[in-house]
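# sequence and predicted structure below; questions after.
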Amino acid sequence: MSVGDKNVMGPVELTVRNLAPMLEFYQHSIGLKLLSHAGNTAILAADNSPLLILKENPQAKPPGRTTGLYHFAILLPSRAALAMHLRHLMQTGVPLQGAADHLVSEALYLADPEGNGIEIYRDRPEHQWPRANGQLSMASNPLDFTGLLAESAPREALGPGLPAGTILGHVHLRVSDLAAAELFYRDILAMDLQLRFGQTAGFLSYHGYHHHIGINTWESLGRPPAPPGSQGLNQVVITVPDRPLWNHIQAAIKRENIRTVRTDSTLELHDPSGNALVLMSP
């Protein structure tokens, strides 16, 4: 699956305690565009496609050590765009929590003012993704900051928004049981397992992408979902790429008697760790 194919992921919906500083951060530090703001809800977009929904609840409590969001990942269309964004973060004083060369991609990691994890990344061309014995290879090697920054001029800064072609590339979730989560995303949601890191993390996708969903138990092994009304993840929207996959998912849900809320074009359900998902029909 190439970057130019149909957008699969998003938007992600978060509960936040204080909407105003979050809107300031996501517009001016990240470069998202405010599509709408009504009452306690704001919708932000990249390239006119909704990417993030923020719902304010001043009484929301931190989720603690629970399942939920590890990070959501904004996919930029080029290495030059990632370099420009890195310069912007440096110029505006936004601290990075990490950076890595994943072989298939280069990534920057940070958090918003309420601690929600964010990845900003670019993909290498698919023909450059390394494979061994037919399996995708990924790693967390040091990022070449010098080479990356050379892709943009020192005075070049982020424009009024993110570049055309920016999408929500993937979402990485905290789960309580890796095997149960992998079984759900593979057998129920019909994703292909692209890579597993030992017994603690896995990466799954549609149509050969390196991952649309990441799952890990690094901080959540055996932990419960966050209590209702907590800060953090409300739900993740996934657009199923094609009709055969949609039919497979519906049959699997019926076979396994999984509780869902249905409309003509959506299925609302939870993964085994309590993470809320909304599946959109093709």
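Sure, I can see it. Numbers count the residues shown, from 1 in each chain.

# so the residue lying farthest from the centre of the chain versus V94, what's the distance?
Distance from the C-alpha centroid of the chain peaks at R155, with 29.6 Å (CA atoms, centre = their mean). For R155, the distance to V94 equals 18 Å [CB to CB, to the nearest Å]. Heads up, the C-betas are built off the backbone N, CA and C, glycines and all.

# for the chain, which spans come out with low pLDDT?
For the chain, the stretches with pLDDT under 70 are 1-6, 156-160.

# now the helices: where do they sit in the stretch 51-200 of the chain?
Using DSSP state H, counting those that start in this stretch, the helices of the stretch 51-200 of the chain run over 79-92, 145-149, 178-183.

# helices or strands up against the last one?
Counting contacts by 3 or more CB pairs under 8 Å, 6 or more residues apart in numbering; DSSP states H and E, the secondary-structure elements packed against helix 178-183 are strand 201-205, strand 213-216.

# apply 7 Å and report the result again.
Applying 3 or more CB pairs under 7 Å, 6 or more residues apart in numbering; DSSP states H and E, we find helix 178-183 packed against strand 213-216.

# what strands line up against the following helix or strand past the strand it packs on, and which way round?
The helix or strand immediately downstream of strand 213-216 is strand 232-239, counting by DSSP states H and E. In the sheet, strand 232-239 lines up against strand 9-16 (antiparallel), strand 276-280 (parallel) (DSSP bridges).

# send me the first one as PDB with only the CA atoms.
This means strand 9-16. Presented in PDB, the C-alpha positions along strand 9-16 are these (Å, rounded to 0.1, in the frame of the first residue of the first chain):
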ATOM      1  CA  MET A   9      -6.900   5.900   9.700                       C
ATOM      2  CA  GLY A  10      -8.600   8.700  11.500                       C
ATOM      3  CA  PRO A  11      -9.700  10.800  13.000                       C
ATOM      4  CA  VAL A  12      -8.600  10.100  16.500                       C
ATOM      5  CA  GLU A  13     -10.900  11.500  19.300                       C
ATOM      6  CA  LEU A  14      -9.400  12.600  22.600                       C
ATOM      7  CA  THR A  15     -10.900  13.900  25.900                       C
ATOM      8  CA  VAL A  16      -9.000  17.000  27.200                       C
END
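
# and the angle from it to strand 201-205?
130 degrees (axes from the mean of the first three to the mean of the last three CA atoms, to 10 degrees).

# buried residues, the next helix or strand after strand 9-16. List them.
Moving toward the C-terminus from strand 9-16, the next helix or strand (DSSP H and E) is helix 19-24. For helix 19-24, a neighbour-count test (16 or more other CB atoms under 10 Å) marks L19, M22, L23 as buried.

# what's the burial count for the spatially closest residue to M138 that is not a sequence neighbour?
Spatial nearest neighbour of M138, excluding adjacent residues (CB to CB, 6 or more residues apart in numbering): H102 at 5.1 Å. Neighbour count of H102, defined by other CB atoms under 10 Å: 21.

# wait, H102 touches S140, no?
Yes: using CB atoms under 7 Å, H102 is in contact with S140, at 6.4 Å.

# so for G165, which of the strands paired with strand 232-239 sits nearest?
Across those, G165 has its closest neighbour in strand 9-16 (14.2 Å, CB to CB).

# for my notes, confirm N247 occurs in a helix.
Yes: looking at N247 with DSSP: H, G, I helix; E, B strand; the rest coil, it is inside a helix.

# what about it, how many residues nearby?
With other CB under 10 Å as criterion, N247 counts 12.

# likewise for L183?
13.

# residues touching the residue nearest to I118 when sequence neighbours are not counted, list them.
Leaving aside its sequence neighbours, I118 sits nearest to L110 (CB to CB, 6+ apart; 5.3 Å). Contacts for L110 were tallied using CB atoms under 7 Å, 6 or more residues apart in numbering; they are V94, P95, L96, Q97, I118.

# export those residues to a markdown table and tack on distance to N48 and neighbour count?
Formatted as a markdown table, those follow (distance: CB to CB, whole Å; neighbours: other CB atoms under 10 Å):
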| residue | distance to N48 | neighbour count |
| --- | --- | --- |
| V94 | 24 | 16 |
| P95 | 29 | 8 |
| L96 | 28 | 14 |
| Q97 | 29 | 12 |
| I118 | 20 | 20 |
